[in-house]
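Visitor: 3D, please:
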Amino acid sequence: MKLNIKRTVYIGLAFLTTMLLWQVYNWYVPIFLNDFLSDVFAGDKLVIGIIMALDNLFALFMIPLMSYFSDKTKNRLGRRVPYIIAGILLSATFFVLLPFANDSGHIWLLIANTLLVLTAMNIYRSPCVALMPDVTPKPLRSKANSVINICGGCGVAIGYLSIVFFSYDNYIPFFITSGVMILMLIIFLFKVDEKKFVAEYRKQLEEAGISEEEDQKEEIIEGGATKTNYKNVLLILAVVFFVFMANNAVETFISLYSEYVFVETVSLPLNMNPGALVIIPFGIGSFLCAVPAALLASKIGRKRVVNIGAIMMAGAYIGVSILGYSMGFSYFLLLLFLIGGFGFSFITINIYPLVIDNCSSENVGKYTGYYYTASMLAQSVTPAVAGLLMSGLVFNDMRFLFPYATICMIIALLVSLLIVDDKLKKES
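Guide: Okay, the predicted model is just below:
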């Protein structure tokens, strides 16, 4: 069997639209909310954090719900495509209205518009992810997932570039985002025929002598432990929790941090936004280190690579903290965020397989769920916690963002050191 890369790219266009929207959403919505709240309420950052956590809270109940509905759907377009069409059209429409809601002067209108965007996004968040395994045989899914993630990375890049070059206008990035989403949907509809792809998938299985029921069974990871090491699994899940506590806090508040710390200390050519500029190397570092992170783990073991990644992220955040309190913006920040991206990739590439290494094969599905619950819970909690600490109720200082992220990463590192890696397993 051979992966149809071109077809997988077309399927990945739906995922591209989600990643594109989230980058622009996470950048501007905190700024919009801050404009309403900063002068009237000491706990403004706490409220912003709570609202910014809603996308993950929505996801906790809407993703299983939409997964159930799409699994049961019978439509001439297929099971997933109807939700992708409706979700992208509604998301693009509501999203482009956000800057207008912001300029209306009514915070209730902005919050209502935000809730509509979140609802629309979660209509197709799960179906767009489920489409790939629906039409791809299990042995090819790892490669296909890499292709899908590259598509998502392209969405991230488009989002950040629109912020970097058009930060002087609150409307242009939203028009670009919604326009690209509609364009991707049009290409998707012309190139993706779900029912045809499902038929070709079944033919591939037939030629390989694999039944569809066998292919869709829960995957048993070879090399898993014969008995679950519960202490190790709990420690690993704690590492996941604190890593995402750090990363999501930065992702949520970097735009406000930029306004308070970077924008006032530097003027870049072409009106480029310094905050968006420094976050781009983080994404580049994560992308470039994906393969090296796996290769290094095969040489020295996953736990050691996770520890190195935690040290890199903590070190990068310490450096950003020092610069934030001393001189604000510096081009040295680009290097620090690149190192942070390397570290994040080192951790995320290896932490899930580390969970699998420490649980029995029959429990892989259950502990995969625990892994995603730990990461989602962190992303639901950390915006509110970081927002509270930076609000007038506590420190009243946006510069505490990176010390907070540093503390989370140091805790993650200390917990990771407690993991007992008896095998330091090497992966071929």
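Visitor: contacting residues for Gln204?
Guide: Residues near Gln204 by Cβ atoms under 8 Å, 6 or more residues apart in numbering: Met1, Pro137. In this view, the C-beta of every residue, glycine as well, is placed from N, C-alpha and C.
Visitor: in which helix or strand does it reside?
Guide: helix 194-208 (DSSP states H and E).
Visitor: what does the pLDDT read for Phe188?
Guide: Here the pLDDT value assigned to Phe188 is 96.
Visitor: helix or strand: which one has it?
Guide: Assessed by DSSP H and E, Phe188 sits inside helix 172-191.
Visitor: tell me the helix or strand right after the lowest-mean-pLDDT helix or strand in the chain.
Guide: Between all helices and strands in the chain, the lowest mean by mean pLDDT, DSSP states H and E belongs to helix 212-216, at a mean of 58. On the C-terminal side of helix 212-216, the closest following helix or strand by DSSP H and E is helix 230-257.
Visitor: for Leu288, give its distance to Ala144.
Guide: 21 Å (Cβ to Cβ, to the nearest Å).
Visitor: out of the two, which sits in the more crowded spot?
Guide: Ala144 (22 against 15; other Cβ atoms under 10 Å).
Visitor: contacts only, for Ala316.
Guide: Contacts of Ala316 (Cβ under 8 Å, 6+ apart): Leu336, Phe337, Ile339, Gly340, Gly343.
Visitor: ok, the fourth one - contacts?
Guide: It stands for Gly340. Gly340 neighbours (Cβ under 8 Å, 6+ apart): Phe282, Gly285, Met312, Met313, Ala316, Tyr317.
Visitor: now the third one
Guide: For Ile339, the set of contacting residues under the criterion of Cβ under 8 Å, 6+ apart consists of Gly285, Met312, Gly315, Ala316.
Visitor: what helix or strand is it on?
Guide: helix 332-357.
Visitor: mean confidence (pLDDT) on that helix, please.
Guide: Helix 332-357 comes out at a mean pLDDT of 89.
Visitor: tilt between it and helix 230-257?
Guide: Interaxial angle of helix 332-357 relative to helix 230-257 (axes from the mean of the first three to the mean of the last three Cα atoms, to 10 degrees): 150 degrees.
Visitor: ok now helix 332-357, how far from the chain's centre?
Guide: Helix 332-357 sits 13 Å away from the centroid of its parent chain (Cα atoms, centre = their mean, to the nearest Å).
Visitor: stretch 232-246 now?
Guide: Relative to its chain's centre, stretch 232-246 lies at 16 Å (Cα atoms, centre = their mean).
Visitor: do the same with stretch 165-179
Guide: 21 Å.
Visitor: ends of that stretch, how far apart?
Guide: End-to-end distance for stretch 165-179: 17 Å, by Cα to Cα, to the nearest Å.
Visitor: list the buried residues in that stretch.
Guide: Residues of stretch 165-179 classed as buried: Phe165, Phe166, Ser167, Asn170, Pro173, Phe174, Ile176, Thr177, Ser178 (neighbour count, 16 or more other Cβ atoms under 10 Å).
Visitor: what are the contacting residues of that stretch?
Guide: With Cβ under 8 Å, 6+ apart, stretch 165-179 has contacts from 20-21, 24, 27-28, 92-93, 95-96, 98-99, 102-103, 158-159, 162-163, 270-273, 276.
Visitor: and if we set it to 7 Å?
Guide: Outside stretch 165-179, the residues that touch it by Cβ atoms under 7 Å, 6 or more residues apart in numbering are 20-21, 24, 28, 92, 95-96, 98-99, 102, 159, 162-163, 270-273, 276.
Visitor: is it correct that Phe188 is in contact with Arg7?
Guide: No: counting by Cβ atoms under 7 Å, Phe188 does not reach Arg7; the two are 11.4 Å apart.
Visitor: how about the helix holding Ile339: buried residues?
Guide: 333-334, 336-357.
Visitor: now do stretch 147-167
Guide: The neighbour-count check on stretch 147-167 (16+ other Cβ under 10 Å) flags 147-148, 150-167 as buried.
Visitor: just the pLDDT for Val394.
Guide: pLDDT at Val394 comes out at 87.
Visitor: which residue is the nearest non-sequential neighbour of it?
Guide: Leu388 (6.1 Å; Cβ to Cβ, 6 or more residues apart in numbering).
Visitor: in the strand or helix carrying that neighbour, what counts as buried?
Guide: Assigned by DSSP H and E, Leu388 belongs to helix 364-390. Across helix 364-390, burial judged by 16+ other Cβ under 10 Å covers 364, 367-368, 370-371, 374-390.
Visitor: pLDDT on it, on average?
Guide: On average, helix 364-390 scores 85.
Visitor: let me have the contacts of Ile339 in TSV, extended by pLDDT and distance to Trp108.
Guide: Output for those, formatted as TSV (pLDDT from 0 to 100; distance: Cβ to Cβ, whole Å):
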residue	pLDDT	distance to Trp108
Gly285	88	40
Met312	98	43
Gly315	97	43
Ala316	97	39
